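Q: Make a model of this:
(one chain, ligands or ions: 1)
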Amino acid sequence: MTEVKTNQQLNIRLLAVKALSDINRNGAYANIKLQEYLQKYHLSDLDRRFFTELVYGVIRRKNYLDAIIVHFAKRPLKKLSSMVVEILRLGIYQIIYMDKVPESAAVNESVKLAKKLTRGLSGFVNAVLRSVLRESDSISIGELAKSEAEEISFIYNQPLWLVDLWMNEMGKDKTIDLCAWFNEQPRLTARINTVKVSIEDCLKELRDLGWTVEQDNDIPEVVYIDAHQGHLEKAKPVMEGHITFMDKASMLVAHVVDPKPGERILDCCAAPGGKSMHMASLMNNTGAIMSCDIYDHKLELMNQNAERLGVSIVSTKLQDGRYLPDNWKEQFDRVLVDAPCSGLGILQKKLDMRWRKTQSLLTDLPPLQLEILEKAAEMVKVNGYLVYSTCTINSGENEDVLEKFLATHKNFIIDPVSFEGLPQAADGMISTYPPRDQMDGFFMARVKRIS
Ligand SMILES: C[S@@+](CC[C@H](N)C(=O)[O-])C[C@H]1O[C@@H](n2cnc3c(N)ncnc32)[C@H](O)[C@@H]1O
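A: Okay, the predicted model is just below:
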């Protein structure tokens, strides 16, 4: 992207519609697309803020905006051209949520966009938006929703199938708390890399930079960064590998594996390497960690991470977890299966992620997860440990997979895990619940090979 236009020539709403179309229609990641546009176009601070609010605002309210479109356009979304949908979303968002934008400007500018970007649909856009202007005050979310779950999905901007899933699993109140949590700004969390720096020195280093940081009460290497200066990825503590960004729930996993210095560890689904690197630091960078993944480019990322973090005991290998080599059988003290999963526990991290998830993940993933777990189990030494973890809060990928595994592997028994600051799980497995535990939603369980 080399084209740079000056501010005066630019129509910010036009840029926003194009960005939204890239995100919603072509599957671009919202944060990446936004940065791309901001780098391409030199916008004033005011325009940057307006552009960002339009794009993120529409993504944040997409569900409800779509219900309003369907109501006033009197036809399903599928029957409308996708460009018209983007223009209407943007127009309605301005009318309902942006007090500073005059309603007439929201309508007129949308009509101009429709003239520019569609064939003969500006009259339709005008008619829908004018109906919204006239009647939106008298329409409530409750009236638009056909069920309690749909009402929650409108209020909290979650796909209906996800709300249905959570309502079934945890009931209405917990579902609402969870949906609200996923809409909150995530707290920036990092791991202090004790391979390179002591926790005390690192906290001092961060505070000396003028950052506002707080150490976690339960896991000493967890640090919350509540304020910082400059570009984070280029900050000295990051470049020098003193800290690396990851959530507290993700850091619990290495503690559940509990690797000891000098041991041999297998990490079956390892990229980009967050947990491998954490395990290396818990092992004082002594012993050996074999870190596998099926994507070459991710292994490369893992090698770069290891270099930045000063980790020397991680070897990376392109290897499918379902087909681990026979000569690895019973060779490892501890094996981690941090399985590919639906990622439904980390929806707070990216606002648009929830719209990429599909219900088919719930049926496609468990057989794969079980297959990897069963193969990985063969690699554990007698008296060694196997840990199964996911970043999802869906029992079909969590407890159900583990229970199926245990039902056919009588030589493995649950080795109960518990943590300071987390409620003791009755069944010895840990499921973090984000609003209660103030961290991502993860599942983890450790089993011991007894024969
Ligand atoms: C949850 S992520 C792992 C995150 C990683 N453990 C970390 O802490 O950074 C799951 C990983 O499994 C990998 N994967 C998917 N299918 C796999 C398979 N059949 N065998 C091994 N790895 C697989 C994906 O490429 C992805 O990197």
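Q: State the distance from L34 to K234.
A: 19 Å (CB to CB, to the nearest Å). In short, each C-beta sits where N, CA and C put it, glycine included.
Q: These two: who's more crowded?
A: Neighbour comparison, L34 and K234: the larger count goes to L34, with 20 against 8 (by other CB atoms under 10 Å).
Q: where's that one, which helix or strand?
A: helix 30-40 (DSSP states H and E).
Q: Could I get the buried residue list for that helix?
A: A30, K33, L34, Y37, L38 (16 or more other CB atoms under 10 Å).
Q: counting contacts, what elements does that helix pack onto?
A: In terms of contacts (3 or more CB pairs under 8 Å, 6 or more residues apart in numbering; DSSP states H and E), helix 30-40 is packed against helix 12-24, helix 45-73.
Q: In JSON lines: these, plus distance to the ligand, mean pLDDT and mean neighbour count.
A: Listed next are the helices and strands packed on helix 30-40 as JSON lines, based on distance: least, CB to the nearest ligand atom, whole Å; pLDDT from 0 to 100; neighbours: other CB atoms under 10 Å:
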{"stretch": "helix 12-24", "distance to the ligand": "23", "mean pLDDT": "94", "mean neighbour count": "21"}
{"stretch": "helix 45-73", "distance to the ligand": "24", "mean pLDDT": "92", "mean neighbour count": "19"}
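Q: Please enumerate the strands of the protein.
A: With strands called from DSSP state E, the chain shows them at 189-192, 212-215, 222-227, 243-245, 264-267, 288-293, 314-318, 332-338, 380-390, 412-414, 430-431, 443-449.
Q: How about L362: what's its closest non-neighbour residue?
A: G396 (5.6 Å; CB to CB, 6 or more residues apart in numbering).
Q: Surely the one you found touches P366?
A: Yes. Taking contacts as CB atoms under 8 Å, G396 lies within contact range of P366: 5.7 Å.
Q: Which residue of these two possesses the greater neighbour count?
A: P366 (20 against 17).
Q: Now S418. Its backbone dihedrals?
A: Dihedral pair for S418: phi -150, psi 160, per degrees, to the nearest 10.
Q: wait, which of the buried residues of helix 30-40 is closest to the ligand?
A: A30 (20.9 Å; CB to the nearest ligand atom).
Q: Ok, which of the helices and strands packed on helix 30-40 comes nearest K329?
A: Closest to K329 of the helices and strands packed on helix 30-40 is helix 12-24 (CB to CB; 46.0 Å).
Q: if we can go back for a sec, could you export the strands of the chain to TSV, including columns for distance to A254?
A: What follows is these, written out as TSV (distance: least, CB to CB, whole Å):
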stretch	distance to A254
strand 189-192	9
strand 212-215	17
strand 222-227	11
strand 243-245	12
strand 264-267	10
strand 288-293	11
strand 314-318	13
strand 332-338	8
strand 380-390	9
strand 412-414	19
strand 430-431	13
strand 443-449	10
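Q: and those strands, which one's lowest on average pLDDT?
A: Mean pLDDT is lowest for strand 430-431 among the strands of the chain, at a mean of 93.
Q: Name the strands paired with it and say parallel or antiparallel.
A: Using DSSP bridges, the strands paired with strand 430-431 are strand 443-449 (antiparallel).
Q: OK, contacts around L365?
A: L365 makes contacts with A339, P340, C341, S342, E397, as judged by CB atoms under 8 Å, 6 or more residues apart in numbering.
Q: ok, and which of those residues reach the ligand?
A: When contact is defined as CB under 6 Å from any ligand atom, the contacts of L365 meet the ligand at P340.
Q: In CSV: the contacts of L365, plus neighbour count, distance to D326 and pLDDT.
A: Listed next are those as CSV, based on neighbours: other CB atoms under 10 Å; distance: CB to CB, whole Å; pLDDT from 0 to 100:
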residue, neighbour count, distance to D326, pLDDT
A339, 26, 22, 98
P340, 18, 23, 98
C341, 25, 27, 97
S342, 25, 31, 97
E397, 26, 28, 97
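Q: Tell me the one among the contacts of L365 nearest to Q215.
A: When the contacts of L365 are compared for distance to Q215 (CB to CB), C341 wins out at 29.2 Å.
Q: tell me the contacts of that closest one?
A: L365, Q369, T390, C391, T392, E397 are the contacts of C341 under CB under 8 Å, 6+ apart.
Q: got the contact list for A306?
A: Counting by CB under 8 Å, 6+ apart, A306 makes contact with G273, S276, M277, A280, S312, V314, T316.
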